[in-house]
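Visitor: The following comprises the amino acid sequence and a computationally predicted model.
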Amino acid sequence: MEIRIPKIGVENGDVVIQQWLKSPGEPVHKDEIIAILETDKVVTELSSPGDGVLHVVVTEGQRAKMTEVIGHVLEGSEVKGASMREENHRANPSVRRLAESMGVDLSNIPAEKSYRRITRHDVLQAADDAKSPVEDLSDHLVPATPLARALSRQWAIDLGGIEGSGPHQEVLATDVRRVRLTTAPAPPSTDLDSRPSSGGRTPLTPMRQTIARNMMQSLAESAQMTLMGWLDIEPLFKVFQALQEDREYLGVRPSWSAIFVKVLAVAVAANPVLNGRLAGQEWVQWGAINIGVAVDTERGLLVPVIREADHKTLVAIHRELAELAAKAREARLSSDEMSEGTVTLSNFGSFGGEWGTPILNRGQTGLLGIGALEKYAAVDRDDRVVVGYRMPYSLTVDHRVVDGAVAGRFIKTLKGVVNRPTRLL
């Protein structure tokens, strides 16, 4: 039986095999979770299509396309025929790179049992076994861990010149790496970048690559303009306080993001100029108001979508957004929960930010950014100085279809909703 990448709505079709939960040759059962897949937006689980023995085709860290075969579930006589093919998949990419750098042939490493995964220890042990007696004698004059010895040989570093930080001054791998960083020659400067090396490079995750690509494409495909100003949220602040006082009864914790999802949805419904996109020579207006909300996670920025937000109550939006944000941080969002957004909200004020020039999501015309709430000295109608509450906003629009005057009218609508929060009911 073939194990295929399911159709999970990935923009470019690329999926990374993050982890096989079963080793090649291990028995698996139908519907058992056997692999973790990472796309440009989500991490998802893959189940076995049936009972049998796992045969891996695409190893951990490699990319595959949607519907591509990445393995098989073998039955009966198929298992024996696949045994030789499995030898190439008994080590993950990092172990294979270590073996290549040390000149170790993985096929020469014996397996204690069929299909056992080859580990870093196996590679280091094989490298030690391959040394000549002279090398072995001189090398062991200095106490060092096997990995430290392997790294010293790989980088041609003399162990005798390293002060060990381990027990009884044993040289550790970190000691060898430290010497490597301090003695490695600086890369030659170029016209593009004459700065010294930063000391290391970290590959971008698939999601970060997608974020970078989408941001650049968004800027290249649209004429983005950002308008900034202040929102007097004194009336809206009372709504926030009321939700805070009734949070146990309502079962929600009030958040400005959830409140502004409703504010933005009502404003768009009253002035729908931002709820559409330019398609060729036509302006396409969406039939629903779906608000995407930027959520910061360890893997990058994700944008779950509150569908038909203008038709949902403020409490319902609070509950839905809390659930989606939790899923985003736990890498449990589905592609459906991040699709079909028509307008986006970004609350960079939750991290202490005030102003910004947020970049539009591709295919959208408007994005509202809100900054941190602050108190200020306000003057009331009787010219008295009182405590006021305000919040900075940054509205980014596609200037190809939204002129400054049109954006200004939308902001006036937005302020009207903020100043009359009964419109949120």
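Guide: Alright, I've got the coordinates. Numbering: from 1, shown residues only.
Visitor: which residue ranges form the helices in the stretch 151-300 of the chain?
Guide: 173-183, 206-221, 234-245, 247-250, 256-270 (DSSP state H, counting those that start in this stretch).
Visitor: could the ones you listed be laid out in TSV, adding mean neighbour count?
Guide: Every residue, glycine included, has its C-beta placed from N, CA and C. Supplementary listing: the helices of the stretch 151-300 of the chain in TSV, determined by neighbours: other C-beta atoms under 10 Å:
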stretch	mean neighbour count
helix 173-183	16
helix 206-221	15
helix 234-245	15
helix 247-250	11
helix 256-270	24
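Visitor: of all those, which lies closest to W20?
Guide: helix 206-221 (17.0 Å; C-beta to C-beta).
Visitor: what packs against the closest one?
Guide: strand 300-302 (3 or more C-beta pairs under 8 Å, 6 or more residues apart in numbering; DSSP states H and E).
Visitor: Now the strand it packs on: buried residues?
Guide: Going by neighbour count (16 or more other C-beta atoms under 10 Å), the buried part of strand 300-302 is G300, L302.
Visitor: Likewise for stretch 345-353?
Guide: L345, S346, N347, F348, G349, S350, G353.
Visitor: coming back round to it: want to throw the helices of the stretch 151-300 of the chain into a markdown table with mean pLDDT and distance to A316?
Guide: A markdown table is the format used below for these (pLDDT from 0 to 100; distance: least, C-beta to C-beta, whole Å):
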| stretch | mean pLDDT | distance to A316 |
| --- | --- | --- |
| helix 173-183 | 77 | 52 |
| helix 206-221 | 81 | 29 |
| helix 234-245 | 90 | 13 |
| helix 247-250 | 86 | 10 |
| helix 256-270 | 94 | 9 |
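Visitor: how about those, which one is nearest W286?
Guide: helix 256-270 (9.6 Å).
Visitor: what about the closest one, distance to the chain center?
Guide: Mean C-alpha position of helix 256-270 versus that of the full chain (C-alpha atoms, centre = their mean, to the nearest Å) differs by 26 Å.
Visitor: one step back: redo the helices of the stretch 151-300 of the chain as JSON lines? Include distance to A309.
Guide: JSON lines is the format used below for the helices of the stretch 151-300 of the chain (distance: least, C-beta to C-beta, whole Å):
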{"stretch": "helix 173-183", "distance to A309": "51"}
{"stretch": "helix 206-221", "distance to A309": "22"}
{"stretch": "helix 234-245", "distance to A309": "16"}
{"stretch": "helix 247-250", "distance to A309": "18"}
{"stretch": "helix 256-270", "distance to A309": "4"}
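Visitor: among the ones you listed, which is nearest L21?
Guide: helix 206-221 (19.0 Å).
Visitor: Just the CA trace of that closest one, in CSV.
Guide: Taking Å, rounded to 0.1, in the frame of the first residue of the first chain, the C-alpha atoms of helix 206-221 are listed here in CSV:
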residue,chain,number,x,y,z
PRO,A,206,9.6,26.0,5.3
MET,A,207,7.0,28.3,7.0
ARG,A,208,9.6,31.2,7.3
GLN,A,209,10.6,30.7,3.7
THR,A,210,6.9,31.0,2.7
ILE,A,211,6.5,34.1,4.9
ALA,A,212,9.5,35.8,3.3
ARG,A,213,8.4,34.8,-0.2
ASN,A,214,4.8,36.0,0.3
MET,A,215,5.9,39.4,1.8
MET,A,216,8.2,40.1,-1.1
GLN,A,217,5.5,39.1,-3.6
SER,A,218,2.9,41.2,-1.9
LEU,A,219,5.0,44.3,-2.1
ALA,A,220,5.9,43.5,-5.7
GLU,A,221,2.3,42.9,-6.8
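Visitor: quick revisit: looking at the helices of the stretch 151-300 of the chain, which is nearest to M1?
Guide: That would be helix 206-221 among the helices of the stretch 151-300 of the chain, by C-beta to C-beta, at 26.8 Å.
Visitor: pretty sure N214 is in contact with Q364, am I right?
Guide: No: if you go by C-beta atoms under 8 Å, N214 and Q364 don't touch, sitting 11.4 Å apart.
Visitor: With secondary structure, distance to I370 and pLDDT as extra columns, can I get the buried residues of stretch 345-353 in a markdown table?
Guide: Shown next, in a markdown table, are the buried residues of stretch 345-353 (DSSP: H, G, I helix; E, B strand; the rest coil; distance: C-beta to C-beta, whole Å; pLDDT from 0 to 100):
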| residue | secondary structure | distance to I370 | pLDDT |
| --- | --- | --- | --- |
| L345 | strand | 7 | 96 |
| S346 | strand | 8 | 94 |
| N347 | strand | 5 | 91 |
| F348 | helix | 7 | 87 |
| G349 | helix | 5 | 81 |
| S350 | helix | 9 | 78 |
| G353 | coil | 9 | 75 |
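Visitor: The closest residue to E32 other than its chain neighbours: what's it in contact with?
Guide: Leaving aside its sequence neighbours, E32 sits nearest to S48 (C-beta to C-beta, 6 or more residues apart in numbering; 4.9 Å). Contact analysis of S48 by C-beta atoms under 8 Å, 6 or more residues apart in numbering lists I3, V28, H29, K30, D31, E32, I33, I34, L54, V73.
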